[in-house]
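J.: what would the 3D arrangement of this be:
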Amino acid sequence: MRSNVNGLPSTYWYLWTGMLVNKVGGFGILFLSLYLVDSRGLDATAAGAVVGLNGLGGAAGVLAGGVLADRWGRRRTLLACHAAASALMFTLAFVSWLPAIAVISCVLGAAQTMAGPALVAAIVDVVPEHHRTRAFNLQFWAFNLGTAAASLLAGLLAEASFTLLFVVDGAATFATLLVFLLRVPETLPPRAAATAKALPPPGRRGLHTALTDRIFLPFVGLTLLLAVLSTQTSTILPLAMKQDGLGPSAYGGLMAFAGGLIVAGQLFVPRLIGTWGKAAVLAAANVLLAAGFTLVAFADAVPLYVVAAAIWTVGSMVAAPPNAEIIAELSPADLRGRYQSVFYLTFPLAGFIAPALGGASLQRLGDLHWAICGAVGVLAATGHLLTGRARERRAADLRAVQTGDGDPAVLRG
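T.: Modelled structure (predicted):
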């Protein structure tokens with residue numbers, strides 16, 4: 001524990017604490033599909049479409065969050081999006097008209113995802129590069145510590161009252177807002193003159209720079225495949241378990257187990273992956289995710305679900321630090337929020353793709369859906385092995401430019 005936490009600045013710890021508080025109470029969307037099926041009478045396809053709107057709204061929110069984080073500031077962006085998300089979650093608790101629920105789901109997705117680019121950009125701002133592996137690993141650890149607690153609490157709350165579940169989620173979001181309001185200063189650094197020359201064309205650098213970066217975008221695409229797999233656990237898996245006669249408490253317990261496994265083992269991941277190249281680590285992680293989700297096709301009781309969850313969870317654990325490090329390495333300092341937003345775009349997109357396609361796939365293909373997930377994982381693993389070397393060259397070139405030892409022309413185009 002000491003080797004993981006020593007040397008990290010206080011602002012990082014307030015950001016970490018706010019995220020943890022938000023995750024402990026962040027179970028509204030986790031159980032939205034079950035709420036729509038059990039309380040509103042929708043089938044799996046219709047419920048998946050409504051939940052998918054949350055991801056669609058999130059796609060717009062995450063891009064706006066990155067631009068605001070660079071222009072408006074990390075702190076103000078975090079405050080605005082948490083205030084909006086809290087109000088929307090309270091509203092969702094008391095609305096029963098389905099069109100209104102669909103609209104709230106979409107707008108809520110935008111408010112929730114705006115926080116991601118600003119939060120991670122703030123972490124990169126305040127944490128020195130040689131400490132970032134530990135910082136990102138601890139961030140993922142806290143994320144899953146909160147998820148484990150949330151899943152366990154949500155399973156119990158969902159069986160008692162979905163209204164109570166949404167109210168508690170809104171309260172946790174508001175508590176996070178207070179942490180950021182009272183303890184987190186603005187971390188936005190001055191525009192870095194040297195980095196501003198790193199990517200062309202001069203005077204036209206912005207969101208489109210990240211969206212046209214030929215080294216960065218393949219990595220984003222591969223991360224999208226990983227995110228689509230990971231999102232199965234919060235969107236399609238509860239429906240599959242329901243088909244096997246397992247209730248919300250069984251699903252909540254399984255998610256708590258997965259989160260607990262990360263809490264117990266995540267701090268050992270930096271030492272575990274050690275000197276492995278980032279591309280090799282990410283390839284191995286995607287293979288583990290593929291194996292875990294393929295095993296779900298054969299699961300019909302809790303013990304086999306637990307084995308599958310253990311496999312895919314280890315994959316998620318080892319993927320987290322190199323994923324975050326690569327984004328930090330490839331992001332010019334003056335475009336840090338925008339690069340983070342394009343990277344974070346993968347998660348709301350996955351939040352749309354996974355339920356919108358996954359609900360129909362599960363309903364029509366049954367267990368074959370999970371075999372398709374396995375094939376997606378193998379495809380992503382292969383992609384990382386093929387593109388890893390180009391990312392390493394770009395990261396080295398950008399680091400040299402930022403320290404004044406390299407030629408900015410190397411990165412142009």
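J.: can you pull the contacts of residue 286?
T.: Counting by C-beta atoms under 8 Å, 6 or more residues apart in numbering, residue 286 touches 225, 226, 229, 315, 319, 377, 378, 380, 381, 384. Any C-beta I mention is one placed from the backbone N, CA and C, and that applies to glycine too.
J.: ok, the last one touching residue 284?
T.: No: the pair residue 384 / residue 284 is not scored as a contact, 9.2 Å apart, by C-beta atoms under 8 Å.
J.: SS state for the nearest residue to residue 25 once chain neighbours are set aside?
T.: Sequence neighbours aside, residue 172 is the residue nearest to residue 25 in space, at 2.2 Å (criterion: C-beta to C-beta, 6 or more residues apart in numbering). On the three-state scheme (DSSP: H, G, I helix; E, B strand; the rest coil), residue 172 is labelled helix.
J.: next, count neighbours for residue 172.
T.: 22 (other C-beta atoms under 10 Å).
J.: OK, contacts around it?
T.: 21, 22, 24, 25, 26.
J.: out of the residues you listed, grab the one that's most surrounded.
T.: In those, the most neighbours by other C-beta under 10 Å go to residue 22, 27 neighbours.
J.: and the longest helix along the chain, what's its mean pLDDT?
T.: In the chain, taking DSSP state H as the definition, the longest helix is helix 368-402. Helix 368-402 carries an average pLDDT of 90.
J.: from the chain's centroid, how far away is it?
T.: 17 Å (C-alpha atoms, centre = their mean, to the nearest Å).
J.: how near is residue 383 to residue 348?
T.: Distance from residue 383 to residue 348, counting by C-beta to C-beta, to the nearest Å: 21 Å.
J.: neighbour count for the two, which is higher?
T.: Taking neighbours as other C-beta under 10 Å, residue 383 and residue 348 compare with residue 348 leading, 27 against 19.
J.: so who does the more buried one touch?
T.: 54, 55, 56, 57, 58, 59, 61, 62, 109, 113.
J.: find the nearest non-adjacent residue to the first one, please.
T.: To tie it back to what came earlier, the one meant is residue 54. That would be residue 109: by C-beta to C-beta, 6+ apart, it lies 3.8 Å from residue 54.
J.: next structured bit after the helix or strand encompassing the one you found?
T.: Here residue 109, judged by DSSP states H and E, is contained in helix 98-113. Once the chain leaves helix 98-113, the next helix or strand it forms, by DSSP H and E, is helix 115-126.
J.: tell me which other helices or strands that following helix touches.
T.: Judged by 3 or more C-beta pairs under 8 Å, 6 or more residues apart in numbering; DSSP states H and E, helix 115-126 is in contact with helix 10-24, helix 44-71, helix 74-94, helix 132-160, helix 302-330, helix 336-344.
J.: mind doing that once more with 10 Å?
T.: Secondary-structure packing of helix 115-126 (3 or more C-beta pairs under 10 Å, 6 or more residues apart in numbering; DSSP states H and E): helix 10-24, helix 44-71, helix 74-94, helix 132-160, helix 162-183, helix 302-330, helix 336-344.
J.: ok, so what distance separates the closest residue in space to residue 376 that isn't next to it in sequence from residue 356?
T.: Among residues not flanking residue 376 along the chain, residue 225 sits closest, at 5.5 Å (C-beta to C-beta, 6+ apart). Applying C-beta to C-beta, the value for residue 225 to residue 356 is 16 Å.
J.: go on, residue 36?
T.: Taken as C-beta to C-beta, the span from residue 36 to residue 356 is 13 Å.
J.: what's the overlap in contacts for the two?
T.: 48, 49, 50, 51 (C-beta atoms under 10 Å, 6 or more residues apart in numbering).
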